[in-house]
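Student: sequence and predicted structure are below.
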Amino acid sequence: MKESVQISAIGVIGSPYRNPKDIHPLKSRFTRGTIEIFPEYEQGLKDIEGFSHIYVLWRFHLSKRIDLLTAPLMQPEPKRGVFATRTPHRPNHVALTVVRLLSREANILHVKGMDMVDGTPVLDVKPYTRRDRRSRISIGWLDEVERRES
């Protein structure tokens, strides 16, 4: 049974990117931007300054379609399943990014690692912790792509 879920934005991204096509998955890790948390949620930022990195859950608000098979930027052929990629054309258009938290000014978080366009709705922010790190991971089809780029 499908369940309908309603989620509201808690903030908005301030980014130098205006167009998703300008975002390169490898170069964006150096891009700085802001996360403006709406005033009614500012109290929830208490103690966030102690974390070096945070998860940002956000919405691919410019994506209007769903592609269950997709051609990833890093390797266009063969097509891959949507859940094995980071395409914006997903069933729920939800994204997750880990960014470096540089500083906080009231309800504004200054971050590095921006891979969102300006005006992107923020759904949630969570601290990145030691228990989130994994040392032994497998990256599937991307393993082959990374070997070729080395």
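Tutor: That came through, no problem. Computed from a predicted structure; not experimentally measured.
Student: could you look up the SS state of the nearest residue to Thr120 once chain neighbours are set aside?
Tutor: Among residues not flanking Thr120 along the chain, Ile13 sits closest, at 4.0 Å (Cβ to Cβ, 6 or more residues apart in numbering). From N, CA and C alone the C-beta is placed, and that goes for glycine too. Here Ile13 takes the strand state, with states given by DSSP: H, G, I helix; E, B strand; the rest coil.
Student: what sits up against stretch 68-78?
Tutor: Among residues not part of stretch 68-78, those counted as contacts by Cβ atoms under 8 Å, 6 or more residues apart in numbering are 25, 79-82, 85-87, 89, 141-142, 144-145.
Student: please work out the average pLDDT along it.
Tutor: Regarding stretch 68-78, the rounded mean pLDDT is 84.
Student: and that stretch, what's buried?
Tutor: Across stretch 68-78, burial judged by 16 or more other Cβ atoms under 10 Å covers 70, 72, 74.
Student: ok, now stretch 57-69?
Tutor: Going by neighbour count (16+ other Cβ under 10 Å), the buried part of stretch 57-69 is 57-61, 67.
Student: the longest strand along the chain pairs with which strands?
Tutor: If you go by DSSP state E, the chain has its longest strand at strand 94-105. If you go by DSSP bridges, strand 94-105 pairs up with strand 53-59 (antiparallel), strand 108-112 (antiparallel).
Student: need the contact partners of the first one.
Tutor: Here strand 53-59 makes contact (Cβ under 8 Å, 6+ apart) with 9, 13, 35, 48, 93-101, 109, 111, 116, 120-128.
Student: same deal with stretch 79-91?
Tutor: 20, 25, 60, 62-63, 65-72, 95, 140-141.
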